[in-house]
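Engineer: The sequence isn't on hand, but the structure is:
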């Protein structure tokens, strides 16, 4: 019971980071996620677990500090919101190119530009399609509750190290700012230098000792060699697509119409499904939990029973493209979403669904 | 049981912390809860509001546009949220500074002169607990013992000596709440 | 005859064990190779090969990790001080040094270098200043002298158009987190010896937790300057050194 708390999504990221044995956090303040670093500074984990927490001079510096610590096989993370993630695009590309594990949390807000500090899901393309130059992917997890915000910190690090690839938690201003009941994981110790040497010694820069030297780099000037490296990356992404898809279905078994939504839109979508069911519409909710890898096969498997899919996002329509790619021309796929920081109401979603049904 | 509540007023009135204590009280009686604040520049002295939902079942949307209860602490919030109370719902407000009182006839309307009472008590800090007491008298959705447990959980240890004072304010709020005769 | 001379007791010079056998890609006369050699010797002599990690820059020294037999991290352009910060903060028992050119450190990476130095990160910065962008083909750098011709200042650098050459070391010396700032060169044997001494002090102070060590090496770029190696050395002494004078700038 002592581990059951009422916490903000942002606060729980800090708490989960310490509890999962994270070695370091580097970040720069930006609304609506500044509570992550504020909470860490309040908790002073350097006094207990030995975790380093440092406020950097910019998001550019944060992500490169992450790159440095990740080079040594450390569990390291940063968090930011949309404009800050844009600044990190360079670093994310280098992390992917150097095959470094890390966690980046994006508590997204409305854009483009400085935009608004209010919630948004307009970073889907940036998060899932690479978010920087070159052919790469982040592993992207989309929490829909404060509990998942906590759980995905653990999961993201596990996946990042399993595949030596940066992982992102793509949340939004609502998930970051709202409080819910959360069950906290018992604290895990940080890995010792010996454990890091054992598990990551083949690549991590820990000082050359009784082994050939390790080099963390993403540069390769020989096109033939670099193409092979790119093929290796693609094989890794194929394995991730094969093995790491996660999703949730609610009331889908007899559904004729599906709401496809992630994060806060899935919560609003769930309410809309409740309202639609009360009116006799056989609606269900399909919630991708991993946005990369996208649950393409899983949503396509539902296509035969469906008459239409409504994609609900706080954007002008981004995930809807992946849904369309998944089901092809087999059934109508529509998009409904507010943007610029406005949040759709469940009744608006219901109306959008009815419009799709009638069209 | 599911209760969807909006609490709205000025920043500094303790709107967010009242919501937090209510949410913690829900946890103490094994309920699911969400607490979703407005955030941003309006937190710094402008209007502030928080949506609190207590439910026996998993809560879908933490964002709702119709409420079972509206707890209103200034005119701007009354203008904004009066129409958002569900028919048959509850509207509780502090008449202090209210120039255009609510006109809905399909909701139960309660008033609590919490600003005035807090001034009499010489302690502006218990204002929000007076309001919370008034609400719990009008709609006893959580038990007082669970509110006290909620206070223990939501206040840092260094503030625990203030809990008896807050509890008294809640009890006082229960005494001074008034049901407005329907129009 | 040869067998009589080539004996261990007659050895006066040997390639540092830390230098790999990879052929260096630098142009003839380039200062990078000399500074690499000094670093290899120094790390060997200090016996810290097993706890040194270097950060390579973007620029001509991007392939630096091919030449020294230690662990390396290749950083994005200008970000080496941030990468070094992340490494050192999580691995305080390692010697961390960043090796950066003038474009990398003094243009695109200005924020990172200033803040790493201001925080007093216990790292060594090796700053190669040849007043030009070598790798991309001889464009103007922040440290390009007034009047100096480059690919992007073909009429010579003009203050009204391009501002003034940037005295980075003097600026870093102002920062409280920095404990050691020196400006050296490698154009003569004695300058090479001085640079090695300075780097040794820099490594030791940073590792001892005194704050950031900053070692500028005024360098040549014969290809970028379009001079022969000997002309480049002479040009540097006559033009660069009056503006970028050698010597200790800060040592506390």
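Structural biologist: Ah, there it is. Owing to the predicted nature of the structure, the values given are computational and were not obtained by experimental measurement. Numbers count the residues shown, from 1 in each chain, chains lettered A, B, ... in the order given.

Engineer: For chain A, what's its nearest residue on the stretch 1-150 of chain C.
Structural biologist: As assessed by Cβ to the nearest Cβ, chain A sits closest to residue C:86 within the stretch 1-150 of chain C, at 2.7 Å. C-betas here are computed from N, CA, C, even on glycine.

Engineer: so what's that residue up against?
Structural biologist: Contacts of residue C:86 were listed using Cβ atoms under 8 Å, 6 or more residues apart in numbering or on different chains, and they are A:24, A:26, A:64-71, A:76.

Engineer: Skipping adjacent residues, who's closest to it in space?
Structural biologist: Excluding the flanking residues, the one nearest residue C:86 by Cβ to Cβ, 6 or more residues apart in numbering or on different chains is residue A:68, at 2.7 Å.

Engineer: what about the residue of the stretch 1-150 of chain C closest to chain A, is that helix, strand or coil?
Structural biologist: Under DSSP: H, G, I helix; E, B strand; the rest coil, residue C:86 falls in the helix class.

Engineer: helix, strand or coil for residue B:89?
Structural biologist: With three-state DSSP as the basis, residue B:89 sits in strand.

Engineer: close enough to count as contact, residue C:147 and residue C:156?
Structural biologist: Yes. With contact defined as Cβ atoms under 8 Å, residue C:147 counts as touching residue C:156 (4.3 Å).

Engineer: Could I get the full set of strands for chain B?
Structural biologist: Chain-ordered strands for chain B, with DSSP state E as the definition, fall at B:2-10, B:32-37, B:47-55, B:67-72, B:85-93, B:108-111, B:178-179.

Engineer: What is the neighbour count of the residue nearest to residue C:86?
Structural biologist: 35 (other Cβ atoms under 10 Å in any protein chain shown).

Engineer: Now do the same contact list for it.
Structural biologist: Contacts of residue A:68 by Cβ under 8 Å, 6+ apart are C:55, C:73, C:75, C:82-88, C:90.

Engineer: farthest-separated two in the residues you listed?
Structural biologist: By the measure Cβ to Cβ, C:75 and C:90 form the most distant pair in the contacts of residue A:68, at 15.8 Å.

Engineer: What strand or helix carries the residue nearest to residue C:86?
Structural biologist: Residue A:68 is part of helix A:59-71, with elements assigned from DSSP states H and E.

Engineer: For that helix, could you pull out the residues that count as buried?
Structural biologist: Buried positions in helix A:59-71, judged by neighbour count with 16 or more other Cβ atoms under 10 Å in any protein chain shown: A:59-71.

Engineer: Who's the closest spatial neighbour of residue C:80, skipping the chain neighbours?
Structural biologist: Distance criterion Cβ to Cβ, 6+ apart; nearest residue to residue C:80, sequence neighbours excluded, is residue C:98 at 3.8 Å.

Engineer: now do residue C:196
Structural biologist: That would be residue C:38: by Cβ to Cβ, 6+ apart, it lies 4.8 Å from residue C:196.

Engineer: residues touching the one you found, list them.
Structural biologist: Shown in contact with residue C:38 (Cβ under 8 Å, 6+ apart): C:186, C:192, C:195-196, C:199.

Engineer: mind putting these in TSV, pLDDT included?
Structural biologist: Below are these laid out as TSV (pLDDT from 0 to 100):
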residue	pLDDT
C:186	97
C:192	97
C:195	98
C:196	98
C:199	98
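
Engineer: Strands - which of these land there?
Structural biologist: Assignment to strands by DSSP E places none of those there.

Engineer: Looking at the residues you listed, which is nearest residue A:198?
Structural biologist: Nearest to residue A:198 among these is residue C:199, at 33.6 Å by Cβ to Cβ.
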